[in-house]
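> compute the structure for the input listed below.
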Amino acid sequence: MAGILALDLAANTGWAHYEPGLDAPRYGLKRLEGGSEAARGLDFLQWFDAKMALLKPDRVAFEAPFVKNANTAERLFGLAYLVQVWAHRRDRSAFAVTPAEWRKHFLGAGNGRRSDLKQ
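Residues are numbered from 1 along each chain as shown. Purely as a prediction, here's the structure:
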């Protein structure tokens, strides 16, 4: 096991995986399917389990839920909880990262406008 899987949890969950030896990160998007939050949660959990079995990262980082709209709170906190429970059960590290922490790590600055930081 090596590497890290980073997740942007949402109805369209973005993911990126990197481990030593790769030329570039692998990345993609998972659209959650289902007619209810429970069905979408199960779809996520099945996808996540398969992705973890395939990539075998020892760490999972996910964007800390930040909720502007109360309708998305259940989904974002639920997905974060599923990741943490999955990781705990399998003795893997899972942790939340704020957008400012991502920016500081990858871009050298944790604040500022997104358009300025992309340059």
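
> pLDDT below threshold where in the chain?
1, 105-119 (pLDDT under 70).

> if we use 80, what do you get?
Counting by pLDDT under 80, the chain has low-confidence residues at 1-2, 70-71, 99, 102-119.

> now the strands for it?
Ranges of strands in the chain, per DSSP state E, are 4-8, 12-18, 26-31, 59-63, 93-97.

> and those strands as a markdown table, adding distance to residue 80?
Any C-beta I mention is one placed from the backbone N, CA and C, and that applies to glycine too. Shown next, in a markdown table, are the strands of the chain (distance: least, CB to CB, whole Å):
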| stretch | distance to residue 80 |
| --- | --- |
| strand 4-8 | 9 |
| strand 12-18 | 11 |
| strand 26-31 | 15 |
| strand 59-63 | 6 |
| strand 93-97 | 7 |
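
> need these in a markdown table with distance to residue 103 and mean neighbour count, can you?
As requested, the strands of the chain are exported to a markdown table (distance: least, CB to CB, whole Å; neighbours: other CB atoms under 10 Å):
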| stretch | distance to residue 103 | mean neighbour count |
| --- | --- | --- |
| strand 4-8 | 13 | 19 |
| strand 12-18 | 15 | 17 |
| strand 26-31 | 17 | 12 |
| strand 59-63 | 11 | 20 |
| strand 93-97 | 10 | 14 |
